[in-house]
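J.: my questions concern the predicted model and sequence given below.
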Amino acid sequence: MTRPELEKTDRNTTDKKEIADEEREKMLNEENEKNRGAEAATITPSPLSSNADVEPRKKKIPIGGIKMPGFCRPKSKEDFPRDEDAEQATGEPTDVGILDAMRRPLVNVLASIKKNRPDGELSGSGASTGLALAETLDGIGDKTNDTVAPAEDGMETVRLDSGNDGAEFTEEKMNPQKPGVLQSLLSTARRNQVVTGVILAVLLIVVVIIGVACTGPRRIIIQPLKDGKYMEAVTSCGMVQGILEDGGFAFRGIPYAVPPVNGLRWRSAQALNRIEYCWNETYLAHNSSNSCWQRDALGNTGGDEDCLYLDVFTPQVRYDTPLPVVVMIGAETLSGGSPGVMQPSAKLARVRDMVFVRPNFRLGVLGFLSAKPLTETTHLPTSGNYALSDITVALQWVQLNIQNFGGDAKSVTIWGHRAGGTLVTCLLAATYPINNLFSRAWISSPSVALPTKSLEISEKLSKPFLNVLGCNDAICMRNKTPQELMDAEPSNWYNTSDNSQLPSAESDKIAKNRHEWLVVDGIIINDNVYNTLKHVGTRVKVVMGSTVHSAGQSQWKNITTGIDQSEIMKIVNESLLGKMGLSGDVATRYNATFHGLTTLISEIRVLCPIYNLTNMTPVNNISFYIATQPRYGQFADADSDVAAILGSYTLFTPEEKRHQSAIQQLFNQFVWHNRIIDAAKDIYGYSHQNYSQNGRKIIVVGQDILPQYGYPNCDYWIKNNLVPKYARID
């Protein structure tokens, strides 16, 4: 045999030895291990065989194990590690490839596992994976043809190359795609459904918690006290400092508008909307500001022209759970008596869990004067109603700042009493920009003799005042002191004693030239307020009412004797009622006592005009109440309902306690929930429509809250044209 033929035979022999080694190591039991040598001898032909021309048997290349020069096997045999087992079997040195060195430990482990199995087979996903890997790394026994035959251990040999009859060798079979990360995760999730469900549930809970924490209400810690008694809050003009009182906090004298002095006298209020109007340091809001210039019931004058300040009383300075806000507008008349009984406190705010705001506003000649010289120096040309602009700017301040005091700017109730109630009634019909400045209104004992005179008429009625003052232009008027202005007022401008008497026989003549502080100025009030409310109604819900003795003078509270029946009838006969021949009806409807006379005057002057207004308002958006429980003695005076709501007087009898509880319940429900306790519906389940034929539904607040339909006395005075013609003038 020639040398080339011997070298070829040696190479065939070497290849067959490698295949024998691979099959020997793939055996997974001891029996095949014992027969490994014999099997190798059977498979390996003699190197001296004469059948040298037979085509060498084709070898299966494991997946991923194509032996490329320089990659899976080195170019030279010297680079291969030695296989001592093969050397002992064949007697010749044998090289071990890199893949053989890597697969042998794994095959040995799998063989050990299979040996210990009772059925001789591996099961489960892990075992399948291991066998697949072993099949990939192992070689397959040599075959003399191209068909795929099962191995002795039951594993199939997969042919990768192509022969004459075999399947085509493809790149996909050589390099199958490995599963991606996502596919692996999905496969694991399917095998462990319970664990996957628990993990997903935990993740969902975490997402919900994070979402609630990020989007939920902002919880801000309550502001701390400073030095144990001071509390600070932020306003649009700087920090203010209030004081701890009775478990609540009082901020007194906070500026809300530019001082209306010098050139700003008799001009509409200007908000603090420029930096030069504000302060740098913390503003100490510890003490109340001076009231605006006014005249009290005895005719005494006093006050301060720089008076546009307000007080805030709050249970706590915080931003979470904002509280409803009540803005209090109180004055006995438009000339003075402000704030009167409308005086809140920190204790009241704490007990009611509300925020109270009480602003000062201009009164009398400084708050309402209409005059030609003032109109000519104003753009747009107008004058009067300055007090209404004060209240409007105060409401704007509330909307801008009250959240910093624990209040809810979306729940503001404006509460007006007596002349303050008259101003609030005007705001309900005002054309001035007051939209969204308050959410609801409570009005007690107002005058409904609302402005009826035009600006031109009011300017003519002011000429006697200018003559006494000695001024013909605005500069002269603004140079006068407030006291000089008050001294020049005609007495009929501030004398309101007629409001506590029956209309006189000369009332029609007096009415033509009577003075009215409010005016149809064309800016704030564009039309007769009474007619506006009658035809248009209100945009917010309103509660309006009075006490049964609201026109009685304060000195009448304790009068029980001293006036007999004859004197009472004399007063009636000498009045306009006697002139109209109504004395007999009065005697029938009212007792001829001082109590009956006070009730008669109050109904004509105050109660029935309010009843008429609320009865005529469209959409039934105004509720009407009557407070009947006396505060002291036998009279339910004009302030008794407000005092009961505020709890500002001492209770002596069970009747007084029940009345106070009832009216406070009515007020609190309205402020907190914008709801009027409908006694008829709550008790009987009936609505207003079911009883519309019986008259206007009213709420009578005595010891309890009771419904009543119609008010016969008021209907009588309306029919005889005494209401609202002779309503009280503020």
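T.: Thanks, I have it.

J.: quick check: mean pLDDT of the helix or strand Glu656 falls within?
T.: Element membership for Glu656, per DSSP states H and E: helix 654-673. What helix 654-673 shows for mean pLDDT is 95.

J.: swap in stretch 319-331?
T.: For stretch 319-331, the per-residue pLDDT averages 96.

J.: that older thread, name the helices or strands packed onto the helix holding Glu656?
T.: strand 323-331, strand 407-418, strand 440-444, strand 541-547, strand 622-627, helix 640-646, strand 697-701, strand 705-709 (3 or more Cβ pairs under 8 Å, 6 or more residues apart in numbering; DSSP states H and E). Bear in mind the C-beta positions are built from the backbone N, C-alpha and C, glycine included.

J.: give me the next element, helix or strand, following the fourth one.
T.: Using DSSP H and E, the helix or strand that directly follows strand 541-547 along the chain is helix 565-573.

J.: so what touches that following helix?
T.: The contact list for helix 565-573 (Cβ atoms under 8 Å, 6 or more residues apart in numbering) reads Leu502, Gly578, Ser583, Val586, Ala587, Ala592, Thr593, Phe594, Gly596, Leu597, Leu600.

J.: would you mind measuring from the closest residue to the second one other than its chain neighbours to Leu502?
T.: The shortest distance from Gly578 to any residue that is not its chain neighbour, by Cβ to Cβ, 6 or more residues apart in numbering, is 5.8 Å, and that residue is Val572. In this structure, Val572 and Leu502 are 7 Å apart, going by Cβ to Cβ, to the nearest Å.

J.: mind listing the shared neighbours of these two?
T.: Leu600.

J.: isn't there a helix covering Thr650?
T.: No: under DSSP: H, G, I helix; E, B strand; the rest coil, Thr650 falls outside any helix and is assigned coil.

J.: still on that earlier bit, pLDDT value on the residue nearest to Gly578, please?
T.: On the pLDDT scale, Val572 gets 93.

J.: and Gln223, by the same measure?
T.: pLDDT for Gln223: 69.

J.: try the one 5 residues further on
T.: Confidence per residue is given as pLDDT, and for Gly228 that number is 86.

J.: got a list of what it touches?
T.: Applying Cβ under 8 Å, 6+ apart, the residues near Gly228 are Leu244.

J.: same thing with the one 5 residues further on?
T.: By Cβ under 8 Å, 6+ apart, Ala233 lies in contact with Gln223, Met239, Val240, Gly242, Phe251, Val317, Asn404, Phe405.

J.: ok, so what distance separates the fourth one from Asn401?
T.: Counting by Cβ to Cβ, the gap from Gly242 to Asn401 is 13 Å.

J.: who has more neighbours out of those two?
T.: Gly242 (26 against 21; other Cβ atoms under 10 Å).

J.: can you list the domains in the protein?
T.: Following automatic domain parsing, the chain resolves into domains at 3-176, 184-215, 230-513, 540-719.

J.: just to be sure, Val357 is in a helix?
T.: No: inclusion of Val357 in a helix is not indicated when three-state DSSP is applied; the result is strand.

J.: who's the closest residue in space to it that isn't next to it in sequence bridged to?
T.: Spatial nearest neighbour of Val357, chain neighbours left out: Val327 (4.7 Å); criterion: Cβ to Cβ, 6+ apart. Beta bridges link Val327 to Val357, Ile414, judged by DSSP bridges.

J.: burial count for Val327?
T.: With other Cβ under 10 Å as criterion, Val327 counts 25.

J.: could you double-check that it lies in contact with Val355?
T.: No: look at Val327 against Val355 with Cβ atoms under 8 Å: they stay out of range, at 9.5 Å.

J.: tell me which residues in stretch 657-675 are buried?
T.: His659, Gln660, Ser661, Ala662, Ile663, Leu666, Phe667, Asn668, Phe670, Val671 (16 or more other Cβ atoms under 10 Å).

J.: mind putting these in TSV, distance to Asp311 included?
T.: TSV is the format used below for the buried residues of stretch 657-675 (distance: Cβ to Cβ, whole Å):
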residue	distance to Asp311
His659	28
Gln660	24
Ser661	27
Ala662	28
Ile663	24
Leu666	25
Phe667	20
Asn668	21
Phe670	22
Val671	18
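
J.: neighbours of Asn262, just the number please.
T.: 9.

J.: just the one 4 residues further on next, same as before
T.: Summarising burial for Trp266: neighbours were counted as other Cβ under 10 Å, giving 25.

J.: Met342 and Arg358 touch, don't they?
T.: Yes: counting by Cβ under 8 Å, Met342 does reach Arg358; the two are 6.7 Å apart.

J.: joint contacts of these two?
T.: Common neighbours of Met342 and Arg358 (Cβ under 8 Å, 6+ apart) are Met328, Gly330.

J.: just give the number of residues close to the residue nearest to Gly578.
T.: 21.

J.: just the one 4 residues further on next, same as before
T.: Here the count is done by other Cβ under 10 Å, and Leu576 has 18 residues near it.

J.: go ahead and confirm it touches Ala505.
T.: Yes: under the criterion of Cβ under 8 Å, Leu576 lies in contact with Ala505, with a separation of 5.5 Å.

J.: now do Gly407 against Val671, distance only.
T.: With Cβ to Cβ as the criterion, Gly407 and Val671 are 12 Å apart.

J.: need the residues touching each of these two.
T.: With Cβ under 8 Å, 6+ apart, Gly407 and Val671 have common neighbours Pro324.

J.: quick one, helices of the stretch 401-550 of the chain?
T.: 419-428, 455-461, 463-469, 474-479, 482-487, 507-513, 529-535 (DSSP state H, counting those that start in this stretch).

J.: deepest of the ones you listed, which one?
T.: helix 419-428 (a mean of 27; mean count of other Cβ atoms under 10 Å).

J.: what's the PyMOL syntax to select whichever of the contacts of helix 565-573 are buried?
T.: In PyMOL syntax, the buried subset of the contacts of helix 565-573 is picked out as below (16+ other Cβ under 10 Å):
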select buried, resi 502+578+583+586+592+593+594+596+597+600
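
J.: among the contacts of helix 565-573, which lie within helices?
T.: If you go by DSSP state H, the contacts of helix 565-573 have Gly578, Ser583, Val586, Ala587, Phe594, Gly596, Leu597, Leu600 in helices.

J.: for those residues, work out which two are farthest apart.
T.: Spatially, the most separated pair among those is Gly578 and Phe594, at 17.9 Å (Cβ to Cβ).

J.: returning to that earlier point: wait, which of the contacts of Ala233 is closest to Lys229?
T.: Gly242 (9.8 Å).

J.: so what's the closest one closest to, chain neighbours aside?
T.: Phe251 (3.7 Å).

J.: what is the burial count for that neighbour?
T.: 26.

J.: which residues does it bridge with?
T.: Taking DSSP bridges as the rule, Phe251 bridges to Val312.

J.: where does pLDDT dip in the stretch 1-150 of the chain?
T.: For the stretch 1-150 of the chain, the stretches flagged by pLDDT under 70 are 1-18, 20-150.

J.: contacting residues around Thr431?
T.: Ile523, Ile524, Ile525, Asn526.

J.: give me the below-cutoff pLDDT ranges for the stretch 251-400 of the chain.
T.: Short version for the stretch 251-400 of the chain, where the test is pLDDT under 70: none.

J.: all helices for it, in order.
T.: 346-352, 364-368, 372-376, 386-401.

J.: will you turn the ones you listed into CSV that also has distance to Ile676?
T.: Putting the helices of the stretch 251-400 of the chain into CSV (distance: least, Cβ to Cβ, whole Å) gives the following:
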stretch, distance to Ile676
helix 346-352, 18
helix 364-368, 32
helix 372-376, 42
helix 386-401, 23
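
J.: ok, which of those helices comes nearest Tyr649?
T.: helix 346-352 (13.2 Å).

J.: so which elements touch that closest one?
T.: Checking 3+ Cβ pairs under 8 Å, 6+ apart, helix 346-352 ends up next to strand 238-245, strand 248-255, strand 309-314, strand 355-359.
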